[in-house]
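Novice: Show me how the following folds:
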Amino acid sequence: MTRILVIGGGIAGTATALALHKAGFDVAVHEAHPDTAEDVGAFLTLASNGMRALAQLDASDAVTALGFPLRAMRVLDDQGAEVARVPLGEADDASLRYRCLRRGELNAALQAEALRRGIELSHGARLVSVERGPGKVTARFADGGVATGDLLIGADGLNSTVRQSIAPGADPVYAGQSVFYGYTHSAPVVEDTGHITMVRGSSAAFGYAVSPDGETNWFARVAGQALPADELAHSTPSRRRQQLVELLGQDATPAAGIVAASTDGIMATNATEIPLGTPWRSGRTLLLGDAAHAASPATGQGASMALEDAVILAKSLRDTPGLDSALALYEACRRPRVEHNITASGEISRGTRAPARTGRAPSPQRPGDDTLARQLDWDLDMNAVGGNPG
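Specialist: Below is the predicted model of the structure:
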């Protein structure tokens, strides 16, 4: 292959471009949005597996300059009593510690790293169609632009245009919870930084982490009917704040006070997931990241799984003769792991799986955990570590 097209310049797409470039491929990224991110304010946590993948991309420094590390998780019940405190991931290794940061900041850092390495990245390129030929694949964009390559990777997120070309009708479905995000510098809590607090409320799941400069980043997951599209588009922060304060105020926890202190920037979305078994590839076209396997945010693994995808795809293409064989190896490595995450996360969101009584992060053993480090190790041949982990 001489040319790979990546559709989508978010976390998954840009990380994939970094990995492919490191593997020696000619890669170009086409991003629909005119800037780095839509949801610059929402925060996320990168787990140890995601940090391990970043290290293999030589991108750790670009990311650890942002946000702050998380070494532990504590769990409160609906009366505010601490019921557990446990280490997070590989907390003893500074390079692999969980990290809390803004989604938009992570996206911007990865894009800046891609540009620094000379990777072609175009903004404002909204894909409208994909045409597959016997030896090439062509992307057509809304502005009339055309790009042709040997492989097209759809990393264009939850509402992927590339996915519609591979699996028409395979749309994301509601996972049972609405999710709210916010932040405040005046939260009525006094806590050290370096850990995340999870609150098992009677009416909602709530989590928050305090940065070194005193900013409290928080989320709330509320079960029930999906929020209507017009409410997502037009609801004001004050209305969202009032609704959440009333709901969270039923419990004796810090949650309601934290939300009440958040004067603006409260974001809302519906948790969604991609149905299991959705096709990922057709000829010279492949899906990855949320476009292929979006899960509800309950396990907090979305970004980390996308970073894993990037490394393992690049290694599969690097180490396996023949495009079809390389993509088959990639899918064999990834599908069991990511679909287990979709299932586990969806069960938590729907209330059919309870978090562990120990309070450990809701990320049960996934297929591939025992071989993941070897799959991500850049210096190991993908064919040597096996394509059917678990």
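Novice: Give me the below-cutoff pLDDT ranges for the stretch 201-350 of the chain.
Specialist: Scanning the stretch 201-350 of the chain for pLDDT under 70 picks out nothing.
Novice: Mind jotting down where the strands sit in it?
Specialist: 205-210, 216-223, 267-273, 281-282, 285-287 (DSSP state E, counting those that start in this stretch).
Novice: can I get those strands in JSON lines with distance to L317 and mean neighbour count?
Specialist: Just so you know, the C-beta spots here come from the backbone N, C-alpha and C atoms, and that holds for glycine as well. JSON lines is the format used below for the strands of the stretch 201-350 of the chain (distance: least, CB to CB, whole Å; neighbours: other CB atoms under 10 Å):
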{"stretch": "strand 205-210", "distance to L317": "36", "mean neighbour count": "23"}
{"stretch": "strand 216-223", "distance to L317": "35", "mean neighbour count": "23"}
{"stretch": "strand 267-273", "distance to L317": "27", "mean neighbour count": "20"}
{"stretch": "strand 281-282", "distance to L317": "13", "mean neighbour count": "18"}
{"stretch": "strand 285-287", "distance to L317": "10", "mean neighbour count": "26"}
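Novice: Need those in a markdown table (columns: distance to A256).
Specialist: Output for the strands of the stretch 201-350 of the chain, formatted as a markdown table (distance: least, CB to CB, whole Å):
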| stretch | distance to A256 |
| --- | --- |
| strand 205-210 | 9 |
| strand 216-223 | 10 |
| strand 267-273 | 17 |
| strand 281-282 | 47 |
| strand 285-287 | 40 |
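Novice: Tell me how far the closest residue to P279 other than its chain neighbours lies from W280.
Specialist: Leaving aside its chain neighbours, P279 sits nearest to A167 (4.5 Å; criterion: CB to CB, 6 or more residues apart in numbering). A167 sits 8 Å away from W280, going by CB to CB, to the nearest Å.
Novice: now do S202
Specialist: Using CB to CB, we find S202 at a distance of 39 Å from W280.
Novice: Between those two, point out the one with more neighbours.
Specialist: W280 (23 against 12; other CB atoms under 10 Å).
Novice: Which elements pack onto the lengthiest strand in the chain?
Specialist: With secondary structure taken from DSSP state E, the chain has its longest strand at strand 173-184. Where contact means 3 or more CB pairs under 8 Å, 6 or more residues apart in numbering; DSSP states H and E, strand 173-184 is packed against strand 216-223, helix 237-248, strand 267-273, helix 323-350.
Novice: So which bits of that strand are buried?
Specialist: Neighbour-count burial for strand 173-184, counted by 16 or more other CB atoms under 10 Å, picks out Y174, A175, G176, Q177, S178, V179, F180, Y181, G182, Y183, T184.
Novice: show me where the stretch 1-150 of the chain has strands.
Specialist: Under the criterion DSSP E, counting those that start in this stretch, the stretch 1-150 of the chain contains strands at 4-7, 27-30, 43-46, 68-70, 72-76, 82-87, 98-102, 120-122, 127-132, 137-141, 146-149.
Novice: Grab the nearest non-local neighbour of A209.
Specialist: I196 (4.3 Å).
Novice: Could you check which helix or strand contains that neighbour?
Specialist: Taking DSSP states H and E as the definition, I196 sits inside strand 195-200.
Novice: Give me the phi and psi for A65.
Specialist: Per-residue torsions, A65: phi -70, psi -10 (degrees, to the nearest 10).
Novice: What is the neighbour count of it?
Specialist: Residues near A65, counting by other CB under 10 Å, number 10.
Novice: do T14 as well
Specialist: Other residues close to T14 by other CB under 10 Å number 32.
Novice: unless I'm mixing things up, it is touching N107, no?
Specialist: Yes: if you go by CB atoms under 8 Å, T14 and N107 touch, sitting 7.0 Å apart.
Novice: Minimum distance to G67: which of the helices and strands packed on strand 173-184 has it?
Specialist: strand 216-223 (9.1 Å; CB to CB).
Novice: What pLDDT is listed against the nearest residue to D213 once chain neighbours are set aside?
Specialist: Spatially, and ignoring its direct neighbours in sequence, D213 is nearest to H185 (8.0 Å; CB to CB, 6+ apart). Per-residue pLDDT puts H185 at 92.
Novice: Determine the number of other residues adjacent to H185.
Specialist: Count around H185 with other CB under 10 Å applied: 12.
Novice: ok, now which ones touch it?
Specialist: By CB atoms under 8 Å, 6 or more residues apart in numbering, H185 lies in contact with D213, G214, E215, T216.
Novice: repeat for V83
Specialist: Going by CB under 8 Å, 6+ apart, V83 touches V75, L76, D77, R200, G359.
Novice: Then Y183?
Specialist: Listed by CB under 8 Å, 6+ apart, the contact set of Y183 reads G41, F43, E215, T216, N217, W218, S262, G265.
Novice: Please identify which pair of these lies farthest apart.
Specialist: G41 and T216 (13.4 Å).
Novice: quick one, phi psi at the residue in the chain sticking out farthest from the centre?
Specialist: In the chain, counting by CA atoms, centre = their mean, P134 sits farthest out from the average C-alpha position, at 33.1 Å. Torsion angles at P134 (phi, psi; degrees, to the nearest 10) stand at phi -70, psi -30.
Novice: so how far is L232 from T269?
Specialist: Taking CB to CB as the measure, T269 falls 7 Å from L232.
Novice: cool, and E191?
Specialist: The gap separating E191 from L232 is 31 Å, by CB to CB.
Novice: again, but for T45
Specialist: T45 sits 23 Å away from L232, going by CB to CB.
Novice: rewinding a little: so for E31, which of the helices and strands packed on strand 173-184 sits nearest?
Specialist: strand 267-273 (20.2 Å).
Novice: helices or strands up against the closest one?
Specialist: By 3+ CB pairs under 8 Å, 6+ apart, strand 267-273 packs against strand 173-184, helix 229-234, helix 323-350.
Novice: Is the closest residue to W218 other than its chain neighbours bridged to anything, and to what?
Specialist: Ranked by CB to CB, 6+ apart and with sequence neighbours excluded, the top spatial neighbour of W218 is Y208, at 4.0 Å. Note on Y208: beta-bridge partners T197, W218, judged by DSSP bridges.
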